[in-house]
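Undergrad: please find the sequence and the predicted model below.
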Amino acid sequence: MPSDHDKLIKVLLFEDNPADAHLVGEYFEASSLKIDCVEVRRLSDGLKALETQSFDLILLDLSLPDSQGIATLKLVSAHLKHEVVIVLTGDADEQLSLDALKAGAQDYLNKDRLNTEILTRSISYAMERSQLVQSLEAHAREAANREGFLRRVFDATVDSMLILGEQHEIKFLNRSASVLLEADADSLIGEIFPFDVSGDGKSAELEIPGPDDSIRIVDLNAVDLIWKGEKAILVIIRDMTKRRRAEAGLRREKERLGVTIDTITDAVIASDANGRIERLNQEAEILTGFPSEKVLGQPLETVLRFRDPKTNVIISDPSKLLLTNLRAEFAVDFGIPLVKEDGSECLVTAEMRCILDDDQANHGCVVVLRDVTNLKRAEDERFQSEKLRSVSLLAGGIAHDFNNILTAVLGNISVARMDVSADSKAGPRLESAEKAALQARSLTQQLLTFSKGESLALTSTTIDELVEDSAQFILRGSNVKCEIEKDEDLWAVEADTGQISQVINNLTINADQAMPDGGVIRISLKNVQVGANEIRALASGKYVCMQVADQGTGISQENIKRIFDPYFTTKQDGNGLGLASSYSIIQSHRGSMTVDSVLGKGSIFRVYLPRTNKPVAKKLEVETEEPAQVRQIGGRILVMDDMEAMMMVAGEILKVLGYEVEFSTNGEEAIEAYKKAKESGNPFDAVIFDLTVPGGMGGEEACKILRQYDPSLVAVASSGYTTSNVMSDFQAAGFKAVVPKPYRIKEMNEALNRILS
């Protein structure tokens, strides 16, 4: 039989100090032993090595990063097969050394006193002792001679150990067994072991009574041996109650966590320490488009495909983005584009948290995603509405003052034209000036579209004929063809036909101008059912969708974001009000307008108007007649206006028409003048009220007061801008007629002829 000096000894060295490990290695090299040494720094690494390899000797430092003291030895001992353990200590603690021997070590060595001779001797002695112990265990007759040693080993073992005779009577038990069985060791000697056991080495899990009617779960192993020269059975019982309860609690916690994660509305993705996906909840599968079975075990970037909004490049390391200062650069809190499995995108906010232990070791990360696409769209829509609202305030003020000035210009021109003979050189010039003023009036009308005061004259109607008439009129003489397609039973909508006609005109003109070389405009009218969050800023329900598609140059993504902004235009001769006013009109109809475009292929504008169940109003035949001639009916007219220029031009027009005119600058003055004239027996035949008087009483309130005073009041509303509905529904406010500013002699003459003749 070869000696230990000739035999190769496989050694597993537990040592976390590289210097000490190196020193032990030098002692091995200087010794006469043949050593094959495997070094480990942590207890967990050594236990893995014991599971996969076979060793002869273990040199164990009791102070490791993941275990300290005798517990280290006990954990190692639980994984031993036949290995010899020598404990290495860094101090001269005799009690610790004794405890190590009790826990199963063959020897202990103080690292401060270690040298080649001591190490060689200790290994040799330990190996010899081990061989001796193995020999004693292999030969049953020698087991009796080691009873005292076995008793000490049994008493030092934390597991419960009993030795049973052939009739399963208890011959010996250690202290742990008496504690487990809740009885004094001496009183149990001779008692029959209550469980059926056999010495085949198989383990079984049993339930035994515990204190206070509790149940303990134990793992029972039994092997045959010779005890005092007789056949016996060694029974080892390990209390598994706490472990099984902990395992059951862990399973319940995992199930509870899984249910919780699956029920929350945010997308949750969990990854391991290597950044590979461990779990996706149901919302994450829906949001990303990736099923769990397809991506489990894959890198996190497989699912988290964030796109850099500046470079449009997919970010290669999403963890770096979410865990570093790059968050601020990419504004992750406000949403970042996420590319889904099918290539589509959504806007998400993302939070990542890592799972760290006490040593700050990373055990994985959890990412929480929230889809903010609709929220962002709603914010953009609100911002767009706020811009339009601001412009509407500006437009209202501009329209009021500009229409007053324009009335003075247009009125004076119309008066001047009446005084000029047909062959005068000034006639054509005045006519040109009048046309220019009328064009300015059209521009003011577009500004009024933004204004809150531009009220809607809603009627229940189908818009197919309106679309056909408007589109064909706009394209008359153009090299662009229009094709119209509509559903047979097109739903009715509540609409101001004049304003919707303006929208159709604007969209048709845009499509025509986008195709200078000719092409086809395709307009479709369809009944559609819109779902929740399907169209931004549009409630779910039934709508009529008008789609205008051209084959033009298209719109860039940069411009498409501003396409509905007031005064934004890419045309040299454009004013930027066409699409902005159309957008405002559709919004005032509780609808929505969207645009999609591809450069070089064309654009598609879609208008959604809510369906109405009201019956369609009957169309009235419009009688055509020659323009009214100036007829001097005569009478007294009171003009209320806050601008002197307006009063002057109104006075000139009315005098030309043969009326006697008096003036007032606000509602209070008009009321006083009217009452005074009536009480004096020289009443006014009609009162022309300006509806808006900054800082004073306007025409609407003054008319109401005078109607209470004189129910036969003949009132005419005249305004270039108002926040009320008087201009669209003047009769409900007590007026007999309206004359919108700016006006000419023709409009004023027709209104007064109608109400006074």
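TA: That came through, no problem.
Undergrad: helices of the stretch 251-400 of the chain, start to end?
TA: 282-288, 292-295, 318-323, 326-330, 373-418 (DSSP state H, counting those that start in this stretch).
Undergrad: quick check: mean pLDDT across the fourth one?
TA: Spelled out, it's helix 326-330. Confidence for helix 326-330, expressed as mean pLDDT, is 56.
Undergrad: so residue 161 lies in a strand, does it not?
TA: Yes: under DSSP: H, G, I helix; E, B strand; the rest coil, residue 161 sits within a strand.
Undergrad: any idea how many residues pack against it?
TA: Neighbour count of residue 161, defined by other Cβ atoms under 10 Å: 23. To be clear about C-beta, it is placed using only N, CA and C from the backbone, and glycine gets the same treatment.
Undergrad: can you report how many residues lie near residue 228?
TA: Other residues close to residue 228 by other Cβ under 10 Å number 12.
Undergrad: that one and residue 133, how far apart?
TA: To residue 133, residue 228 is 18 Å away according to Cβ to Cβ, to the nearest Å.
Undergrad: ranking the helices of the stretch 251-400 of the chain by mean pLDDT, which is last?
TA: With a mean of 56, helix 326-330 has the lowest mean pLDDT of these.
Undergrad: stretch 153-167: which residues count as buried?
TA: Using 16 or more other Cβ atoms under 10 Å as the test for burial, stretch 153-167 gives 153-154, 156-157, 159-165.
Undergrad: using TSV, lay out these together with distance to residue 521 and pLDDT.
TA: Compiled in TSV, the buried residues of stretch 153-167 are given as follows (distance: Cβ to Cβ, whole Å; pLDDT from 0 to 100):
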residue	distance to residue 521	pLDDT
153	98	73
154	98	73
156	96	74
157	93	76
159	89	82
160	92	83
161	95	84
162	97	85
163	101	85
164	100	87
165	105	86
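Undergrad: of all these, which two lie farthest apart?
TA: Farthest-apart pair in those is 156 and 165; separation 23.8 Å (Cβ to Cβ).
Undergrad: show the end-to-end separation of stretch 237-245, please.
TA: Criterion Cα to Cα, to the nearest Å; first-to-last residue distance in stretch 237-245 is 17 Å.
Undergrad: name the residues that touch that stretch?
TA: For stretch 237-245, contacts defined as Cβ atoms under 8 Å, 6 or more residues apart in numbering pick out 159-162, 177, 180, 205, 210, 215-221.
Undergrad: average pLDDT for that stretch, rounded please.
TA: Average pLDDT, stretch 237-245: 83.
Undergrad: can you pull out the helices in the stretch 51-200 of the chain?
TA: Under DSSP H, counting those that start in this stretch, the stretch 51-200 of the chain gives helices at 70-77, 94-102, 116-138, 140-143, 147-156, 175-180, 185-188.
Undergrad: distance to residue 273 added to these, as JSON lines?
TA: Listed next are the helices of the stretch 51-200 of the chain as JSON lines, based on distance: least, Cβ to Cβ, whole Å:
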{"stretch": "helix 70-77", "distance to residue 273": "23"}
{"stretch": "helix 94-102", "distance to residue 273": "34"}
{"stretch": "helix 116-138", "distance to residue 273": "38"}
{"stretch": "helix 140-143", "distance to residue 273": "48"}
{"stretch": "helix 147-156", "distance to residue 273": "38"}
{"stretch": "helix 175-180", "distance to residue 273": "38"}
{"stretch": "helix 185-188", "distance to residue 273": "48"}
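Undergrad: residue 7: how many residues sit nearby?
TA: 12.
Undergrad: quick check: chain neighbours aside, which residue is closest to it?
TA: Of all residues not flanking residue 7 in the chain, residue 34 sits nearest, at 6.7 Å (Cβ to Cβ, 6 or more residues apart in numbering).
Undergrad: what sits opposite the one you found in the beta ladder?
TA: residue 8 (DSSP bridges).
Undergrad: and if you look at residue 542?
TA: On the basis of DSSP bridges, residue 542 is bridged to residue 529.
Undergrad: ok, now how distant is it from residue 592?
TA: 14 Å.
Undergrad: who's more crowded, the two?
TA: Between residue 542 and residue 592, residue 592 has the larger neighbour count (other Cβ under 10 Å), namely 22 against 13.
Undergrad: thought the more buried one was touching residue 586?
TA: Yes: shown here, residue 592 and residue 586 form a contact pair, counting by Cβ atoms under 8 Å, at 6.5 Å.
Undergrad: what is in contact with these two at once?
TA: 607-608.
Undergrad: which one of the buried residues of stretch 153-167 is nearest residue 430?
TA: Of those, the one sitting nearest to residue 430 (Cβ to Cβ) turns out to be residue 159, at 118.2 Å.
Undergrad: check contacts around the closest one.
TA: Residue 159 touches 176, 236-238, counting by Cβ under 8 Å, 6+ apart.
Undergrad: now, these that are in helices?
TA: Counting by DSSP state H, the contacts of residue 159 place residue 176 in helices.
Undergrad: let me know the closest of the contacts of residue 159 to residue 45.
TA: Of those, the one sitting nearest to residue 45 (Cβ to Cβ) turns out to be residue 238, at 24.7 Å.
Undergrad: how deep is residue 81 tucked in, by neighbour count?
TA: Counted by other Cβ under 10 Å, the residues lying close to residue 81 total 7.
Undergrad: same question for residue 494.
TA: Residue 494 has 18 nearby residues by other Cβ under 10 Å.
Undergrad: out of the helices of the stretch 51-200 of the chain, which is closest to residue 555?
TA: Across the helices of the stretch 51-200 of the chain, residue 555 has its closest neighbour in helix 70-77 (70.9 Å, Cβ to Cβ).
Undergrad: that closest one to helix 94-102, inter-axis angle?
TA: Per axes from the mean of the first three to the mean of the last three Cα atoms, to 10 degrees, the angle that helix 70-77 makes with helix 94-102 is 20 degrees.
Undergrad: in helix 70-77, which residues are buried?
TA: Of the residues in helix 70-77, 70, 72-73, 75-77 count as buried by neighbour count, 16+ other Cβ under 10 Å.
Undergrad: equivalent analysis for stretch 200-215, please.
TA: residue 208.
Undergrad: now swap in stretch 112-128 and tell me
TA: 114, 119-120, 122-124, 126-127.
Undergrad: got the CA coordinates for the helix or strand harbouring residue 470 in CSV?
TA: Applying DSSP states H and E as the criterion places residue 470 in helix 464-474. Extracted C-alpha coordinates of helix 464-474, given in CSV (Å, rounded to 0.1, in the frame of the first residue of the first chain):
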residue,chain,number,x,y,z
ASP,A,464,-72.5,64.9,-49.7
GLU,A,465,-74.1,67.5,-52.0
LEU,A,466,-72.1,70.3,-50.2
VAL,A,467,-68.9,68.4,-50.9
GLU,A,468,-69.7,67.8,-54.5
ASP,A,469,-70.8,71.4,-55.2
SER,A,470,-67.8,73.0,-53.4
ALA,A,471,-65.1,70.7,-54.8
GLN,A,472,-66.4,71.0,-58.4
PHE,A,473,-66.6,74.7,-58.1
ILE,A,474,-63.1,75.1,-56.8
